[in-house]
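Sequence below, structure please.
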Amino acid sequence: MFSQSFVTALPTPECVLPNAEFAEATTAYLGLPSPACSPLAGRTFRGRALDVYGNVLSSTQTKGAHWEDQHDSIARLFVAQANENGLAADYEPTDAFIGVIPRAQRSAFYALRRSTQHSITPDARVQLAPGDDAYYDVKTVHVNGARYPDTNGIDAARGAAVETRARAVPGEYERHARDVNTACCGVPRGAGDGPVLRRLRELGPVRGLVVGAFGEASADVHSLLAMCAGSGSFLRWRGAMARGPAVYRSQLIVQLRRVWGVHFARVNARLKLARVHSAQGRGLPTAAGRGCSHTTRARRDTDANFHAQFGYRSAAHASGRFGG
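Residues are numbered from 1 along each chain as shown. Take a look at the predicted model:
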């Protein structure tokens, strides 16, 4: 279980949880009030009364890139770990669908809102075998009445929240493909599949990699981890002085589950801590006076951490767009 991984993890570089994040992860795991969010309980935030667990604070739409930073950090982890274990992976493969839009009409695609462009761009592409690529979209879910009927999260069917969200991903991509067909390819709604939807069906359903508020993950996250372990075991079993790939695979599954689980706990804790700053009107403290926006600073710091830990940089960082 990913949600339990941080409990037994040693403080190696990829499994470090600073004090504030460890406190948030531990109380969430035990079902106790959040140390950072409890002092705000009872206050009104965006028209909603805050609770001691930080559930309302985490699930409320706000200004800033808190959800985006959480999402991007998880997506980059998956891509970095897939590449490290011998599975060729790309972060946000923009070429997945743009090639089927007529060249003369691509300007219409780039004129769409960024969120609309992103909605048809998967978060990750992983090569399972030569000529066989899998496309993934990362989602996070937060505690509210719709996702978790038991708002304290003490529910034997907690995994239902992430699985329900994952099942919705293929249908969402079909809707987005139809929208892009209409906006960029001149295909009226209901008039046929259009080039973007046909391309989507050629690629196969986009799979949902969903991480929940308590560190639980959908079935495709577990499947991706198993594939990483299977590939990585063949690459590194001799260097690990294991008796064979099969023996090392079981060790690698434990190792990856620990690293991923700690990361899920870390980003969930960081989300609450960042939201506390917002609720108090302070913003993200590390961005002030550094010559860039909160969003850019957060992305740059996240990307630098991933390069240090996993040897992976996004195209934006490698190109120098974020500097440093």
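
how about residue 137, secondary structure?
strand (DSSP: H, G, I helix; E, B strand; the rest coil).

For it, list the residues it contacts.
122-124, 169, 173, 206-209 (Cβ atoms under 8 Å, 6 or more residues apart in numbering). Backbone N, C-alpha and C define where each C-beta goes, glycine included.

Kindly recompute the last result at 6 Å.
122-123, 169, 206, 208 (Cβ atoms under 6 Å, 6 or more residues apart in numbering).

what about it, distance to residue 210?
In this view, residue 137 and residue 210 are 9 Å apart by Cβ to Cβ, to the nearest Å.

Where does pLDDT dip in this structure?
The chain contains residues with pLDDT under 70 at 149-158, 282-324.

Go through the contacts of residue 137 and flag which are in strands.
residue 208 (DSSP state E).

Tabulate the contacts of residue 137 (a markdown table), appending neighbour count and distance to residue 12.
Shown next, in a markdown table, are the contacts of residue 137 (neighbours: other Cβ atoms under 10 Å; distance: Cβ to Cβ, whole Å):
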| residue | neighbour count | distance to residue 12 |
| --- | --- | --- |
| 122 | 27 | 30 |
| 123 | 23 | 26 |
| 169 | 22 | 32 |
| 206 | 25 | 33 |
| 208 | 24 | 29 |
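
and of the contacts of residue 137, the nearest to residue 32?
Comparing these against residue 32 with Cβ to Cβ places residue 208 closest, at 29.7 Å.

who's the closest one bridged to?
residue 137 (DSSP bridges).

State the distance from it to residue 224.
11 Å.

Now do stretch 225-235: everything it contacts.
81-82, 85-87, 245, 248-249, 252-253, 256.

go with 8 Å
Contacts for stretch 225-235 (Cβ under 8 Å, 6+ apart): 81-82, 84-87, 126, 128, 242, 245-246, 248-249, 252-253, 256-257, 260.

got the CA coordinates for stretch 256-265 in CSV?
C-alpha atoms of stretch 256-265 as CSV (Å, rounded to 0.1, in the frame of the first residue of the first chain):
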residue,chain,number,x,y,z
LEU,A,256,9.7,1.7,-5.8
ARG,A,257,6.6,1.4,-3.7
ARG,A,258,8.4,3.1,-0.9
VAL,A,259,9.7,6.0,-3.0
TRP,A,260,6.4,6.6,-4.7
GLY,A,261,4.4,6.3,-1.5
VAL,A,262,6.7,8.8,0.2
HIS,A,263,6.4,11.2,-2.7
PHE,A,264,2.6,11.0,-2.6
ALA,A,265,2.6,11.7,1.1
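
Strands of the stretch 201-324 of the chain, residue ranges please.
207-211 (DSSP state E, counting those that start in this stretch).

Buried among the contacts of stretch 225-235? Make that a PyMOL selection.
Buried members of the contacts of stretch 225-235, defined by 16 or more other Cβ atoms under 10 Å, are picked up in PyMOL with:
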select buried, resi 81+82+84+85+86+87+126+242+245+248+249+252+253+256+257+260
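
can you tell me which of the contacts of stretch 225-235 are in helices?
81-82, 84, 245-246, 248-249, 252-253, 256-257, 260 (DSSP state H).

show me the contacts for residue 50.
Each residue near residue 50 by Cβ under 8 Å, 6+ apart is listed here: 37, 40-44, 56-57, 279.

Can you get me a residue count around residue 171?
A count of neighbours around residue 171, defined by other Cβ atoms under 10 Å, yields 11.

go on, the one 10 residues further on?
A count of nearby residues for residue 181, using other Cβ under 10 Å, gives 24.

what secondary structure does it sit in?
Classified using three-state DSSP, residue 181 is helix.

wait, doesn't it sit right on residue 190?
No: using Cβ atoms under 8 Å, residue 181 makes no contact with residue 190, being 10.9 Å away.

can you give me the helices in the stretch 201-324 of the chain?
Taking DSSP state H, counting those that start in this stretch, the helices of the stretch 201-324 of the chain run over residues 219-236, 245-279, 294-310, 315-318.

For residue 109, which of these is the nearest?
helix 315-318 (18.8 Å).

Deepest-packed of the helices of the stretch 201-324 of the chain, please.
helix 245-279 (a mean of 21; mean count of other Cβ atoms under 10 Å).

Where do the strands of the stretch 51-200 of the chain begin and end?
Along the stretch 51-200 of the chain, counting by DSSP E, counting those that start in this stretch, strands occupy 89-91, 124-129, 132-140.

Let's have the ones you listed in TSV, adding distance to residue 22.
Formatted as TSV, the strands of the stretch 51-200 of the chain follow (distance: least, Cβ to Cβ, whole Å):
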stretch	distance to residue 22
strand 89-91	28
strand 124-129	28
strand 132-140	20
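
okay, now residue 22: neighbour count?
By other Cβ under 10 Å, neighbour count at residue 22 equals 16.

Kindly apply the preceding question to residue 30 instead.
Using other Cβ under 10 Å, residue 30 has 8 neighbouring residues.

if I look at it, how far off is residue 171?
As judged by Cβ to Cβ, residue 30 and residue 171 stand 36 Å apart.
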